[in-house]
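[1] 3D, please:
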Amino acid sequence: MSGWIIALISGALMSVQGVFNTQVTKASSIWIASAFVQFTALLVCLAAWACTDRSSLMTVFQVKPKYMLLGGAIGAFITYTVIKSMDLLGPAKAAMLIVIAQLFIAYLIELFGAFGVEREPLVMRKVVGMAVAIVGVILFKWD
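    All right, here's what the predicted structure looks like:
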């Protein structure tokens, strides 16, 4: 149950953050806003690390394969694309499309066992669920 609650909080925070970041972009530029977001995230993470586990910062480089270290770089583009999509589509439409894209790609990762994730079989119930989500976006967008 705690996983569900944490996931719901994550989704809510992502939507609020997207709106905040879009407003910051209007006062600066998209790359300045993205850099500020990443910098403040760094500060919060370092403060949390200093107050909690204090494990060695260098252990992160033990990850295999090394391309897994690109998560932060991907994060910069996530920030950019969330800001842009919310600016162009509005928070609700952007969030729906973002969530559907996340769900679709996450399911493909599971189906193919990509990036070291345990491979899962194709389940029609999940395919139907994805189709229902896509129909939901179409209905939501329908003006």
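[2] going forward, measure contacts and count neighbours with C-alpha atoms only.
    OK.
[3] can you give me the pLDDT of the closest residue to P121 other than its chain neighbours?
    The shortest distance from P121 to any non-neighbouring residue, by C-alpha to C-alpha, 6 or more residues apart in numbering, is to L111 (6.0 Å). L111 carries a pLDDT score of 95 in this model.
[4] does L111 lie in a helix or a strand, and which?
    Element membership of L111 [criterion: DSSP states H and E] is helix 91-112.
[5] and for V16?
    Using DSSP H and E, V16 sits in helix 2-27.
[6] for the protein, give me the ranges with low pLDDT.
    Within the chain, the stretches with pLDDT under 70 are 143.
[7] same thing but 80
    By pLDDT under 80, the weakly predicted segments of the chain are 1, 140-143.
[8] the residue nearest to the spatial centre of the chain and L13, how far apart?
    The residue lying closest to the centre of the chain (C-alpha atoms, centre = their mean) is I78, at 6.5 Å. To L13, I78 is 14 Å away according to C-alpha to C-alpha, to the nearest Å.
[9] next: V127.
    Applying C-alpha to C-alpha to V127 and L13 gives a distance of 27 Å.
[10] ok, now G116?
    Distance from G116 to L13, by C-alpha to C-alpha: 28 Å.
[11] gap between the spatially closest residue to V63 that is not a sequence neighbour and Q102?
    The spatial neighbour of V63 that comes closest, neighbours along the chain excluded (C-alpha to C-alpha, 6+ apart), is L69 at 7.6 Å. Using C-alpha to C-alpha, L69 is found at 20 Å from Q102.
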